[in-house]
Structures are given as structure tokens and as C-alpha cells.
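I need the structure of the sequence given here:
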Amino acid sequence: MAKSVDSMIGDLVGTLTDPIIVYPGGWGDSLPEWLKNAITLERLTENLKTSKGDQPTGTDAEACDYLNTASLSAPMDHDWSQIYLYVAGKTYHPMA
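Residues are numbered from 1 along each chain as shown. Down below sits the predicted model:
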């Protein structure tokens, strides 16, 4: 089923303006700019996929930001640390 133009515009605006979800604890303001930019870019990519009929999903950058703020609020066990390092490695792309 094709989306209406209004729906597609609404999705695009949401991609650029929806809040970034962080772990509760007051560390949301500490997100680095590169991670905020990665979230926006990955949301745009997901928006394109959903416009072609794919199911919307969260992005690696959003998982990274949530785990980043969670790690600042409380210590992580080994499993969560490994998940965080894996997602951060997939998300971080230094400028060449």
C-alpha cells in the first residue's frame, strides 16, 4: 500500500526532529555531536527503507546512544558491555 505524500512528509519531519531517546539518569546532554549526527543519518536511511515497504526499526546509532547513557548511569555487566562495544564499533565512523 502506497503512503500518502502527507504521511511521507510527516515521516521525514519526524526523522529530523523526533527526540533522541536516552537512558533516564540525566546524561542525555552529554551525547557527542558525531553520535547525534549518526542518529539522524541512520534515521534517514530507515525512513527510505520504510517508504519502500520495509518494517521500521531502531538504528544502531540509537542503540549506541541509549547504551552510552546507560553506562554512565550504572555499571554494565560483561554481556551488556560487549553489546555496547559491538554497536559502538558499527556506529563510529571517524572522518578520514
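
only C-alpha atoms for contact and neighbour calcs from this point on.
Fine.

Could you check how many residues crowd around Asp77?
The tally of other residues near Asp77 (other Cα atoms under 10 Å) stands at 9.

Tell me which stretches of this protein form helices.
For the chain, the helices defined by DSSP state H cover 5-17, 33-51, 60-73, 78-91.

Point out the most buried one among these.
helix 60-73 (a mean of 20; mean count of other Cα atoms under 10 Å).

Which secondary structure elements does that one sit against?
When contacts are defined as 3 or more Cα pairs under 8 Å, 6 or more residues apart in numbering; DSSP states H and E, helix 60-73 sits against helix 33-51, helix 78-91.

For this structure, which residue occupies the most central location?
Glu62 (2.1 Å; Cα atoms, centre = their mean).

Please name the residues that touch it.
Contacts for Glu62 (Cα atoms under 8 Å, 6 or more residues apart in numbering) come out as Ile20, Ile21, Ile39.

Just send these back as CSV, with pLDDT and distance to Gln82 too.
What follows is these, written out as CSV (pLDDT from 0 to 100; distance: Cα to Cα, whole Å):
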residue, pLDDT, distance to Gln82
Ile20, 94, 23
Ile21, 94, 21
Ile39, 95, 21
